[in-house]
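[1] the sequence and its predicted three-dimensional model are supplied below.
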Amino acid sequence: MNSARTASRSAPSFVAATGIVSARLAVQTSGAGFADITSEVAKFLREARAAEGAVSLFIRHTSASLTIQENADPTVLVDLMTALDRAAPEDGGWRHDTEGPDDMPAHIKTMLTATSLQIPVLDGEMALGTWQGIYLIEHRARPHRREIVLQFIGATK
């Protein structure tokens, strides 16, 4: 077995978590699809005077979710919606349809994705990769007002 690999890392930085800053972000969706909320989270971190720590996001819904995905090629998001629709089609014979045929598929799609995210914050910036963005995924066909709880825990400036 070949265990040789090349790796490098920066020196660890030590900070005391001196603050917890919280806010609620309301997002109006236009129906099923991805809404890029990266800039809103970055704005929250600036207002929180974040230095080093972590930012957590939690969506308070069972038919919408959060993800980190590529932000360069929009066809990625189209293909991801196609994959979610295939995984939980409206005509799947679901029993739960209280709010329409997209009701149970929306719950399944939320279960397959995430309701919370945590992102490291270094020097006041999210440590996202070059092509990464933060998205709210609306799984319902009609528009909704969604609420996300944002919380920064760490050292502030």
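    Cool, got the structure.
[2] so Asp102 touches His139, yeah?
    Yes: Asp102 is within contact range of His139, at 7.3 Å (criterion: Cβ atoms under 8 Å). Where C-beta positions appear, they are placed from N, C-alpha and C, glycine not excepted.
[3] who touches both of those two?
    Residues touching both Asp102 and His139 by Cβ atoms under 8 Å, 6 or more residues apart in numbering: Ala32.
[4] who has more neighbours out of those two?
    Between Asp102 and His139, His139 has the larger neighbour count (other Cβ atoms under 10 Å), namely 28 against 21.
[5] list the residues that contact the more buried one.
    Ala32, Ser63, Ala64, Ser65, Leu84, Asp102, Pro105, Ala106, His107, Lys109, Thr110.
[6] out of everything not next to it in sequence, what's closest to it?
    Nearest residue to His139 in three dimensions, chain neighbours excluded: Ala106, at 3.7 Å (Cβ to Cβ, 6 or more residues apart in numbering).
[7] what does Gly53 give?
    Gly154 (1.3 Å).
[8] assumed that neighbour was part of a strand.
    Yes: assessed with DSSP: H, G, I helix; E, B strand; the rest coil, Gly154 lies in a strand.
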